[in-house]
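A.B. asks: have a look at this prediction, sequence included:
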Amino acid sequence: MRTTAPRTARKQARSPTEAPAGGRVGLARELLVDAALELMHDGGLDALSTRRLAERLGVKSPALYWHVRSKDELLGLIADAICAQMELPSARLSFRVRLEKIAWEYRRVLTAYRDAPRLFGEQAPTGPHRMQLYDAAIGAFLDGGFETPEALAMATFYRNYLLGMIAEEARQSNPAQPGALRSTLALGVELSHLGSESRHYPHLHGAAQLLAKIEPEEIFRIGLKILLDGTDCRAREIARAKKVVGRPL
């Protein structure tokens, strides 16, 4: 997990009323989002409030509502600004390669922003950049041969799987209690302390040393590969079924 604010969040906050001559409301909103990202980096999502944001910008709280209608809208803008940092893969690549690249980009960007996984989990995937990402995932499944209902379901499942794994990694990288061990390491330590009692957990006991040293990125890589292997199998199953008239998909 990065400990410094990303470039976008490090811009010096200006008041949204300081838009340059001929400036637009969109420019003022961008300043608002930059300042909100700074606050989120400094104190997490819970530290982000309209009062603190107004203080950082040097304005009164009501002035913010010239640019956003509510805090929920502001959070949506922040999530979309974070998503804008992702690079989407070319549609010319195979559907599996596209899904793999989307996964690693998702992880790269969300682990760069404090509390971003939580923000993405709490905010619906709206906004132009988040919708474009969702559209790219659906398109990859469609190009893999999935029918629209399955493509939509799989894109939703894929998003939730990635978000859950990245959120867990974020919790392990920044535990709630100072000095706390990440969950896999804590489990490995606990098993080593059980001695003969660990026989009650034969499968965990056999993996105790691995649990103590495996990194979250490796867990992500293994899980992603298994998920994509299964997706490949389903794509081949669909292709075979289409060759047999009347066979259900």
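C.D. replies: Perfect, thanks for sending it. Predicted model, so just to flag it, every value in this text is computed and none were measured.

A.B. asks: CA atoms for contacts and neighbours, from now on please.
C.D. replies: Noted.

A.B. asks: can you give me the helices for this structure?
C.D. replies: Remark: helices assigned in the chain by DSSP state H are 25-43, 50-57, 61-64, 71-83, 95-110, 116-122, 128-143, 148-173, 183-194, 202-206, 208-213, 216-242.

A.B. asks: what comes up buried for the first one?
C.D. replies: By that I understand helix 25-43. Residues of helix 25-43 classed as buried: 27-41 (neighbour count, 16 or more other Cα atoms under 10 Å).

A.B. asks: show me where pLDDT drops low in this structure?
C.D. replies: 1-27, 173-189, 205, 208, 245-249 (pLDDT under 70).

A.B. asks: got the domain boundaries for the protein?
C.D. replies: 7-68, 95-242 (automatic domain parsing).

A.B. asks: can you list the ones you listed in CSV and add distance to residue 80?
C.D. replies: Converted to CSV, the domains of the chain look like this (distance: least, Cα to Cα, whole Å):
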stretch, distance to residue 80
domain 7-68, 10
domain 95-242, 6
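
A.B. asks: right, and those domains - which one's nearest residue 76?
C.D. replies: Nearest to residue 76, of all those, is domain 95-242, at 6.4 Å by Cα to Cα.

A.B. asks: quick one: end-to-end distance for the closest one.
C.D. replies: 18 Å (Cα to Cα, to the nearest Å).

A.B. asks: for residue 44, phi and psi?
C.D. replies: Backbone torsions of residue 44, given as degrees, to the nearest 10, read phi 80, psi 180.

A.B. asks: again but with residue 115, I slipped
C.D. replies: phi 60, psi 10.

A.B. asks: who's in contact with it?
C.D. replies: Residue 115 is in contact with 40, 44-45, 170, counting by Cα atoms under 8 Å, 6 or more residues apart in numbering.

A.B. asks: one more pass at 6 Å, please.
C.D. replies: Residues in contact with residue 115 (Cα atoms under 6 Å, 6 or more residues apart in numbering) are residue 44.

A.B. asks: okay, now the residue nearest to residue 110 when sequence neighbours are not counted: neighbour count?
C.D. replies: Leaving aside its sequence neighbours, residue 110 sits nearest to residue 116 (Cα to Cα, 6 or more residues apart in numbering; 5.4 Å). A total of 26 residues lie near residue 116 under the criterion other Cα atoms under 10 Å.
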